[in-house]
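Chemist: Prediction below, plus the sequence it came from.
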Amino acid sequence: MRHFAKKITIFFAMVLLISAFAGCNTHKYAKTENSLIVSAEELKDYIGKENVVIVDMQSTDGYAAGHVEGAVNIQNADITINVPVSTMLTSARKMETLMGSKGVTNDTLVIAYDTNKMSASRLLWSLFMYGHENVKVVDGGLDAIKAAGITLTTEVPVVTETTFTTKEPSQNWLATKKDVLNQVNNPNKNVILYDVRSDAEYYTDGKIPTAIMREYINNFYSVDGTFKSVQTTKIDHLKLGIYPENEIIIFCKSSMRACPVFVQLYEAGYRNIRIYDGAMLEWSSDSTNPLEMPAGAQPPKKNDAS
């Protein structure tokens, strides 16, 4: 009985906390008309549907071992280049060639899934950058797909090549080293540098001064690896002092982990969100860029920043 009463007390405390945030929240979130996130159950309705391309972001071996029926394989290396540092956004020409070879046109709905909580979101952000926003990620990735009872196949689909045309890279979703350095040197209280690396990385490699840190894995439920709800996302970020009115620059080490955070914030109604694509790899490669280290820690050597 005492245990039951304790659970009831905790429940009402959570209700009060949520109500308090909701009551005091005068922030205006954009309405997300078309969700960027699709559940594995919902994915069933898209399999085999006309003008839909499902993308499997596994390795070659993973794809060969089993994938959703009709899914084409795209990997991280296909959508990134290693200049000036690794895993930067690929060129428009390469994106056009890649997507056309996978049967994607400018009218195609792209639905991507992965096994690492990053790759599908990276593809989504890359397509956003080139003006194609008709794209979704599967919540929970391949694990959720299996749990939903979707049968996997080893059969590789026959793809009819198409024409995909990129638009000019959108500056709405991209931040540069210059943007970050300007914020460090001339802080704007409306700009948030949002570092989604781990605490361990901070203690080893330091962080960009003024950046707020919260590890990207905290944006997922630990039970099943799905994205946290919109309401929980809003509450979590209100606690951090991150509001929809802010200009938010997200990054990690290579900005792979930044991409699912981008997706989650967009889903929750944030629109002033950009990814610093060069991330800590680019920042730490220049010894003139300032680093904030934990008390007593020494800055990493330049050749340790890769």
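Modeler: Structure's in. What do you need?

Chemist: the strands in the stretch 101-250 of the chain, which residues?
Modeler: 109-113, 135-138, 152-153, 174-175, 191-195, 212-213, 247-251 (DSSP state E, counting those that start in this stretch).

Chemist: what about the first one, average pLDDT?
Modeler: Averaged over strand 109-113, pLDDT sits at 98.

Chemist: Of all the strands of the stretch 101-250 of the chain, which one is nearest residue 88?
Modeler: strand 174-175 (10.7 Å; C-beta to C-beta). C-beta here means a position set from N, CA and C on the backbone, and glycine is covered the same way.

Chemist: Off-centre distance for that closest one?
Modeler: 14 Å (C-alpha atoms, centre = their mean, to the nearest Å).

Chemist: Show me the shaky parts of the stretch 51-200 of the chain.
Modeler: For the stretch 51-200 of the chain, no stretch has pLDDT under 70.

Chemist: where do the helices sit along it?
Modeler: 60-65, 92-101, 119-129, 141-147, 177-185, 199-205 (DSSP state H, counting those that start in this stretch).

Chemist: who touches the fifth one?
Modeler: Right, the one you point to is helix 177-185. Helix 177-185 is contacted by residues 191, 193, 208-210, 249, 251, 274, 276, 278, 282-283, 286, 289-290 when judged by C-beta atoms under 8 Å, 6 or more residues apart in numbering.

Chemist: quick one: which of these is most hemmed in?
Modeler: residue 251 (28 neighbours; other C-beta atoms under 10 Å).

Chemist: Pull the contacting residues for residue 44.
Modeler: Taking C-beta under 8 Å, 6+ apart as the test, what residue 44 contacts is 148, 150.

Chemist: and it, what pLDDT?
Modeler: At residue 44, pLDDT is 98.

Chemist: Against residue 142, how distant is it?
Modeler: 14 Å (C-beta to C-beta, to the nearest Å).

Chemist: looking at the strands of the stretch 101-250 of the chain, which is buried most?
Modeler: Scoring those by mean neighbour count under mean count of other C-beta atoms under 10 Å gives strand 135-138 as the most buried, with a mean of 26.

Chemist: ok, and the closest non-adjacent residue to residue 37?
Modeler: Leaving aside its sequence neighbours, residue 37 sits nearest to residue 139 (C-beta to C-beta, 6 or more residues apart in numbering; 5.0 Å).

Chemist: Just give me the neighbour total for the one you found.
Modeler: 26.

Chemist: all numbers from here: first residue = 9
Modeler: Taking 9 as the first residue, the last one we looked at is residue 147.

Chemist: And for stretch 83-99, what's in contact with it?
Modeler: Residues contacting stretch 83-99 (C-beta under 8 Å, 6+ apart): 65-68, 102-103, 106, 127, 130-131, 134, 137, 177, 182, 262-264, 285-287, 289-290, 293, 314.

Chemist: cutoff 7 Å now
Modeler: The contact list for stretch 83-99 (C-beta atoms under 7 Å, 6 or more residues apart in numbering) reads 65, 67, 106, 127, 130-131, 134, 137, 262, 264, 285-286, 289-290, 293.

Chemist: what does stretch 166-182 give?
Modeler: 80, 100, 103-104, 107-114, 133, 136-139, 282-283, 285.

Chemist: Would you mind listing which of those are buried?
Modeler: Buried members of the contacts of stretch 166-182, counted by 16 or more other C-beta atoms under 10 Å: 80, 100, 103-104, 107-108, 110-112, 133, 136-138, 282-283, 285.

Chemist: Go ahead and build a ChimeraX selection from the buried members of the contacts of stretch 83-99.
Modeler: Command for ChimeraX, covering only those of these found buried under the criterion 16+ other C-beta under 10 Å:
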select :65,106,127,130,131,134,137,262,264,285,286,289,290,293
